Structures are given as C-alpha cells and as structure tokens.
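**Q** following is a predicted model, sequence given first.
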Amino acid sequence: MEWARLRDVVFDCARPAATARFWAAAMDGYAVAPYDDEELARLKALGITDVEDDPTVLVEASGGGPRLWCQLVPEGKSGKNRVHLDLSATDVEAEAERLVGLSATVRDRFADHLVLADPEGNEFCVVGQDG
C-alpha cells in the first residue's frame, strides 16, 4: 500500500491572485502557473474575464515540490493559523527585509527565527538554514 503524500498547501484568501504572486516571489523556485487557452476558456465560462479575479490561483514549484493553491473564501481570517510554513534562509534578517518588501509584515522576533505574515495575515516563519 502506498502512503499519502503532500500535494498542495491551500491558502484561503480574499485576493487569490495577489496572494499567489506574494508566495511565488517569496520562495525560490516557485511561480504562478501560467494561464493557457483552456484555463482562460474555463474562467470565461464562469464569467471571469480578468485573471486577477480568478478564484483559485495555483503556484507551482519548478523542482516538483508541493504546490500552493490560493482560493477565494468569503470570510476574513480570524485568529492564529493552525498550520504555517517555515522558510529557511542563510541570513534571516536579510530575508525578512526582502519579504517585507514583498508586502509581508514582521509579527515577532525570537532568537532562532522570525514570525511574519503574508499580505492576507497568514503567519509563517523564517528560520536559519541550521534551524
């Protein structure tokens, strides 16, 4: 019997396209999946003419890692995440500064890691490569 494998990490959000762009820029080797004619036709059939209004935006890893789905939900975030991502970096402070430049906010600082939030308020950590 084959065990389950991680396929996707899903973010509920108010602005899927913007959230997807943030995460694609935040992580090395990730990009928003391109829109082909078939996908554009599917969106048009739903009455969506601008990809900025796409209710589900996919972020893919070039190396075959887990995908990120950013999906539209009607309610806002209310409380602490029960699951979050940990990103590693050789220079935690420099990486946090770069992520803040992409619209993240620093929430807390600890000796071995920083807690940040993406533009939707989803918390994530930046830890040192040895952390």
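**A** That came through, no problem.
**Q** quick check: which element contains the residue nearest the centre of the chain?
**A** By C-alpha atoms, centre = their mean, the mean C-alpha position of the chain lies nearest to residue 23, the distance being 3.6 Å. With secondary structure defined by DSSP states H and E, residue 23 is part of helix 16-26.
**Q** that older thread, which residues does the residue nearest to the centre of the chain contact?
**A** Residue 23 is in contact with 11, 30, 59, 68, 70, 118, counting by C-beta atoms under 8 Å, 6 or more residues apart in numbering. Backbone N, C-alpha and C define where each C-beta goes, glycine included.
**Q** what's the neighbour count on the second one?
**A** It stands for residue 30. Using other C-beta atoms under 10 Å, residue 30 is surrounded by 19 other residues.
**Q** do residue 60 as well
**A** Neighbourhood size, residue 60 [other C-beta under 10 Å]: 17.
**Q** equivalent analysis for the one 4 residues further on, please.
**A** For residue 64, the count of nearby residues is 8 (other C-beta under 10 Å).
**Q** returning to that earlier point: next helix or strand past the helix holding residue 23?
**A** Per DSSP H and E, the first helix or strand lying C-terminal to helix 16-26 is strand 30-32.
**Q** so what strands line up beside that next one?
**A** Sheet pairing for strand 30-32, assigned by DSSP bridges, gives strand 56-61 (antiparallel).
**Q** residues in contact with the strand it pairs with?
**A** Under the contact criterion C-beta under 8 Å, 6+ apart, strand 56-61 has outside partners 16-17, 19-20, 23-24, 27, 29-33, 51, 67-72.
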